[in-house]
Structure formats: C-alpha cells, structure tokens
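**Student:** just to be clear, the model below is a prediction. Sequence and coordinates:
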Amino acid sequence: MTRSKKAWLVYLATRLCGVSVDAAVIALAYFAAFALRFDFAEPSWGWRKVAISCLTVLAVYLAALFLTGCYRLAWRRIAVRDLPRYILAMMLAGVVLSIMRFCMPEINLAHIRPPYSITVISFFFATAGIIIERIIWRLYTSSRVREAELISRDEIDFDNSAAARFLVGKTVMVTGAGGSIGSEITRQVAAAGAKRILLVERGENALYQIDREMRALNSSVEIAALMIDAGDEKRMIEVFEKEKPEVVLHAAAYKHVPMVEMNPEEGWRNNTRVTETLATLSLRYNVKRFVLISTDKAVNPVSVMGKTKRAAEEAIMKLAKETSENGTSFCAVRFGNVFGSSGSVVPLFREQIARKGPVTVTHPEMKRYFMTPQEAVSLVLQAASRQEQAIYTLDMGESVNILTLAEGMISQAGFRPYVDIPIVFTGIRPGEKLFEELDVSEKSCFRTDMAKIYITKNV
C-alpha cells in the first residue's frame with residue numbers, strides 16, 4: 001500500500017471517529033438538557049422516548065455540520081475565524097428542531113421532536129461541546145512535537161568551558177557572519193568572552209541583522225561590522241594588518257549543491273580559492289588558529305560543491321604540514337545539514353506548506369544528517385580550542401529520511417500529508433547523493449576526549 005493510499009484511509013478513519021465523537025457530545029448535551037430542565041427527574045413521556053428522540057436530534061445536528069462545511073475544517077487547525085461556521089451549524093439545527101416542534105405539537109409525537117426549552121438548552125450545551133473538543137485536540141496535537149524534534153535526535157548541552165578559555169579576551173574574525181552558521185558562531189563567540197569580533201559579511205542585510213543583534217546585547221565585546229567579500233584579497237590584507245585577529249572562523253561559502261553545480265567556476269572561487277587566500281593571510285599575520293567550516297559532502301565528493309570543500313580542506317592541511325609548531329594551527333570541521341539554515345530543505349518545506357503544497361521531495365529514500373545550529377557551533381568551537389591540525393568530524397547521530405521529515409513538518413503545521421498537502425517526487429538532482437557519508441567508526445576516525453568530536457583518518 002502506498003503512503004498516499006494509507007494516508008487517505010487514515011483520514012477517512014479519523015473523520016469517522018470525529019463524527020462519532022460529535023454524536024456523543026451532542027447526545028450528552030441533549031440528555032443534560034433534559035436533566036437540567038426536569039431537575040434530574042424522568043420526563044412524563046419517559047426516558048425511552050427521550051432516547052428515541054435523541055436519534056432525530058443527532059441526525060439534524062450532524063446534517064447541519066455537514067451542510068455548513070464544518071467537516072471540511074481540520075480539528076487541529078481550529079481558529080477564531082472558524083467559530084462562526086460552527087455556531088451557524090448549531091443554530092441551523094436548532095431552527096430545524098424548533099420548526100419540527102411547531103409542525104408537530106401533539107404530545108404523542110414527542111419521540112420524534114424535542115420541546116422548545118430542550119432545544120434551546122441543548123443548543124448551548126452542544127455548541128460549547130463541539131468547539132471545546134476541537135480546541136482540546138488542537139492543543140494536544142500542537143504540543144506533541146516541536147519542529148526541531150522532527151530530526152529524531154536529542155539536542156545535547158555540552159561543556160563549553162574549553163572553548164571559553166580559548167576565546168576569552170581574543171580578537172576573532174568570523175567570515176560569513178550573517179549566515180545561519182556564521183551568526184550563531186558570532187553569538188557563541190561573544191558569549192565566550194571574546195574581546196573583539198570582526199564580522200566579515202558581503203551581504204548588507206545579513207550584516208545589518210547580526211550587527212544590530214550583537215550591539216543590542218550591550219556586552220563588553222567590541223563589534224566591527226565589515227561589509228567585505230572574504231575573497232577580496234586587498235581588503236582582507238588591510239583587515240589583517242589593522243585588526244590582527246588571533247582566531248579566524250571561516251564559515252563563508254556557497255552551500256547549495258544545485259546552484260554550485262550550475263556555477264562551478266564561482267563555486268571554486270568562493271569555496272576553495274577564498275579559503276586558500278584566508279589561510280595564507282592567517283599564516284602571514286600570525287593567526288593562532290584557523291578553522292574551516294566544512295561539510296559531509298566533502299567525503300568522497302560527487303558534487304562540485306563537495307569537491308570545492310574537499311579541495312579547501314586539502315589546501316589548509318597542506319599549509320598545516322608546512323608550518324612550525326609555533327605558527328598558525330589549521331583545522332577543518334565536517335558536519336551535515338544544519339536544521340533550519342537558509343538554503344536548506346527545511347525553509348523550503350515551510351514555504352511550500354504555507355502555500356498548501358505541493359511539498360517536493362527528490363527521492364523517497366533520500367537521507368541526510370541534521371544538527372541544530374546551537375549544537376553544531378558549540379562543537380565547532382570546542383574543536384577550535386584543541387591543538388591538533390586535523391579534519392574533525394562531528395557525530396551527528398542517525399541520518400534522517402527526508403520524506404519522513406516532510407511528512408512530520410506537514411503534520412506539525414496542522415495538515416495531513418497527501419490529503420491536505422500533496423507530496424511529489426522530483427528526482428535526484430545533479431551532484432546529489434542518495435545518502436551522505438559521515439562515518440565516525442574506528443576505521444575512519446580517532447575518538448577524542450570531547451564528546452561527539454572525532455579526528456578523521458587518512459586525510
């Protein structure tokens with residue numbers, strides 16, 4: 001059975017359950033109205049006829065809910081704007097029952113039409129019950145899962161004391177400071193007690209946002225917002241000469257695989273040549289530690305983006321072998337996707353869900369590694385504080401099926417996958433792998449004394 005067929009069967013089953021719950025609420029409201037009206041005593045025409053008349057009431061109320069389109073509204077997404085429709089359905093049912101009472105005044109027909117007073121009381125009870133049950137369901141479904149939990153991986157709080165000791169009082173350069181990773185690096189470097197942070201970012205709006213955020217903290221950290229392309233060697237020489245950074249955290253890069261695949265020359269320039277330039281300048285100006293933010297796509301790369309990052313790793317490792325013990329220390333840190341980062345699949349899914357779909361998935365078996373920005377950067381800074389000149393690999397746990405992620409995000413947004421929002425498969429794009437390789441086993445890595453941080457072998 002396909003996922004789509006299964007989703008429709010589940011949808012029909014839940015709709016049937018929903019109608020059954022509504023029927024129970026309406027019946028309870030009807031009997032409660034009799035109990036209240038007759039002071040909990042048995043009516044003169046007996047509870048048996050009340051039960052028979054309840055069937056008529058149920059038929060009228062449920063028909064009103066269907067006719068007014070209430071069953072086209074998902075319980076998990078009930079909003080204030082939906083309330084008039086539910087009230088209209090309840091009022092329609094009340095009017096129909098009142099008309100039946102007017103047209104059939106004889107007491108011997110009481111078993112197929114309720115008294116006026118019962119209709120009025122049960123209207124209020126049933127309306128409140130119908131709305132409350134939907135609100136309860138919405139609260140339950142909205143609290144079951146946070147979006148970040150969809151990566152099926154517990155976020156871990158790490159001991160950042162080593163990173164703090166390493167960064168405190170230092171001048172730190174962050175390239176790509178306005179990006180998803182760069183901005184989080186900036187936050188954590190500031191929290192670690194750096195003396196001065198050089199925000200290197202060529203995007204005006206991105207630089208403005210992170211600069212404004214840092215200055216709003218009113219901390220003692222000095223901030224220099226530098227609207228510079230990290231590949232502009234002349235300008236970067238001026239920055240190194242003037243600012244004399246002690247640590248360079250190089251996060252600026254092109255990361256979107258299809259875009260780099262279509263623009264290989266620019267990908268090579270920005271990802272590889274810029275890294276070589278910054279690493280060489282770091283060596284020339286006695287930077288203490290140069291850290292390249294790398295990617296799992298650099299492992300056995302098949303895409304242009306992966307190859308440019310692998311070449312960048314090789315470039316800094318070559319410099320590492322040429323430097324003395326007292327020179328600049330070079331390292332790279334590999335990890336997978338950052339959950340919610342710009343250009344990743346998560347913002348794309350959010351946008352598609354907001355448009356009511358379709359949500360596009362390249363392949364039903366595609367898997368990726370995910371980590372939250374806070375966790376990834378925490379580990380990057382811990383790796384930066386170490387002494388090895390190496391390529392570090394972060395343990396990102398189990399990979400996540402992208403289709404499962406899409407289904408979870410649709411459900412988390414209050415919709416039903418394949419029913420409310422379709423999912424379509426577009427095929428693997430040029431340069432993409434079905435599975436990324438991020439092996440932290442003994443055959444590929446050495447374990448360090450820091451949790452989740454490994455040193456990659458054979459590089």
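**Tutor:** Noted; the coordinates are in hand.
**Student:** same for the lowest-mean-pLDDT helix or strand in the chain, what does it pack against?
**Tutor:** Ranking every helix and strand in the chain by mean pLDDT, DSSP states H and E puts strand 337-338 at the bottom, with a mean of 82. On a contact count with 3 or more C-beta pairs under 8 Å, 6 or more residues apart in numbering; DSSP states H and E, strand 337-338 meets strand 370-371. No exception for glycine: its C-beta is placed from N, CA and C like everyone else's.
**Student:** next secondary structure after the strand it packs on?
**Tutor:** Downstream of strand 370-371, the first helix or strand assigned by DSSP states H and E is helix 373-384.
**Student:** which residues outside stretch 71-90 are in contact with it?
**Tutor:** With C-beta atoms under 8 Å, 6 or more residues apart in numbering as the test, stretch 71-90 has contacts from 15, 18-19, 61, 64-65, 67-70, 123, 126-127, 130-131, 133-135, 137-138, 141-142, 414-416, 420.
**Student:** got a quick ChimeraX command for the buried subset of these?
**Tutor:** To isolate the buried subset of the contacts of stretch 71-90 in ChimeraX, counting by 16 or more other C-beta atoms under 10 Å, use the following:
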select :18,61,64,65,68,70,123,126,127,130,131,133,134,137,138,141,414,415,416,420
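**Student:** so Val287 is in which element?
**Tutor:** Here Val287 is assigned to no helix or strand, by DSSP H and E.
**Student:** got the CA coordinates for the strand or helix carrying Val60 in PDB?
**Tutor:** Per DSSP H and E, Val60 falls inside helix 46-67. The C-alpha trace of helix 46-67 is given here as PDB (Å, rounded to 0.1, in the frame of the first residue of the first chain):
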ATOM      1  CA  GLY A  46     -40.200   8.500  29.800                       C
ATOM      2  CA  TRP A  47     -36.500   8.200  29.100                       C
ATOM      3  CA  ARG A  48     -37.200   5.600  26.400                       C
ATOM      4  CA  LYS A  49     -38.900   8.200  24.200                       C
ATOM      5  CA  VAL A  50     -36.200  10.700  25.000                       C
ATOM      6  CA  ALA A  51     -33.600   8.200  23.700                       C
ATOM      7  CA  ILE A  52     -35.700   7.700  20.500                       C
ATOM      8  CA  SER A  53     -36.000  11.500  20.000                       C
ATOM      9  CA  CYS A  54     -32.200  11.800  20.500                       C
ATOM     10  CA  LEU A  55     -31.700   9.900  17.200                       C
ATOM     11  CA  THR A  56     -33.700  12.600  15.400                       C
ATOM     12  CA  VAL A  57     -31.700  15.400  17.200                       C
ATOM     13  CA  LEU A  58     -28.400  13.600  16.200                       C
ATOM     14  CA  ALA A  59     -29.500  13.400  12.600                       C
ATOM     15  CA  VAL A  60     -30.400  17.100  12.400                       C
ATOM     16  CA  TYR A  61     -27.200  18.300  14.100                       C
ATOM     17  CA  LEU A  62     -24.800  16.100  12.100                       C
ATOM     18  CA  ALA A  63     -26.600  17.000   8.900                       C
ATOM     19  CA  ALA A  64     -26.200  20.700   9.800                       C
ATOM     20  CA  LEU A  65     -22.500  20.200  10.400                       C
ATOM     21  CA  PHE A  66     -22.000  18.600   7.100                       C
ATOM     22  CA  LEU A  67     -24.100  21.100   5.100                       C
END
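**Student:** avg pLDDT for it?
**Tutor:** For helix 46-67, the mean per-residue pLDDT is 90.
**Student:** okay, buried residues for that helix please.
**Tutor:** For helix 46-67, burial by neighbour count (16+ other C-beta under 10 Å) applies to 49-50, 53-54, 56-58, 60-62, 64-65.
**Student:** stretch 446-459 too?
**Tutor:** 448, 450, 452-456.
**Student:** how far does that stretch sit from its chain's centre?
**Tutor:** Centroid separation for stretch 446-459 versus its chain: 28 Å, with C-alpha atoms, centre = their mean, to the nearest Å.
**Student:** how about stretch 26-41?
**Tutor:** Distance, stretch centre to chain centre, for stretch 26-41: 47 Å (C-alpha atoms, centre = their mean).
**Student:** one more: stretch 223-240?
**Tutor:** The chain centroid and the centroid of stretch 223-240 are separated by 33 Å under C-alpha atoms, centre = their mean.
**Student:** what about it, how long is it end to end?
**Tutor:** Distance across stretch 223-240, first residue to last, is 15 Å (C-alpha to C-alpha, to the nearest Å).
**Student:** show the average pLDDT along it.
**Tutor:** Stretch 223-240 shows a mean pLDDT of 97.
**Student:** ok, and what's touching that stretch?
**Tutor:** For stretch 223-240, the external contacting residues (C-beta under 8 Å, 6+ apart) are 173, 175-176, 196-202, 204, 207-208, 210-211, 214-215, 243, 245, 250, 252, 269-270, 273-274, 277-278, 281-282, 284-285.
**Student:** likewise stretch 308-315?
**Tutor:** By C-beta under 8 Å, 6+ apart, stretch 308-315 touches 253-254, 260, 267-268, 270-272, 275-276, 279, 292, 294-295, 297-298, 301, 332, 391, 459.
**Student:** check stretch 48-68 too.
**Tutor:** 19, 22-23, 26-27, 30-31, 34, 43, 71, 85-86, 88-90, 92-93, 96-97, 100, 110-114, 122, 126, 130.
**Student:** list the contacts of Ser4.
**Tutor:** By C-beta under 8 Å, 6+ apart, Ser4 lies in contact with Tyr418.
**Student:** and the top helix by length along the chain with helix 46-67, angle?
**Tutor:** As assigned by DSSP state H, the longest helix anywhere in the chain is helix 3-37. Here helix 3-37 runs at an angle of 140 degrees relative to helix 46-67 (axes from the mean of the first three to the mean of the last three C-alpha atoms, to 10 degrees).
**Student:** picking up where we left off before, and the next helix or strand past the least confident helix or strand of the chain?
**Tutor:** Next along the chain after strand 337-338, taking DSSP H and E as the criterion, comes helix 345-354.
**Student:** which other helices and strands contact that following helix?
**Tutor:** On a contact count with 3+ C-beta pairs under 8 Å, 6+ apart, helix 345-354 meets strand 359-361, helix 402-412.
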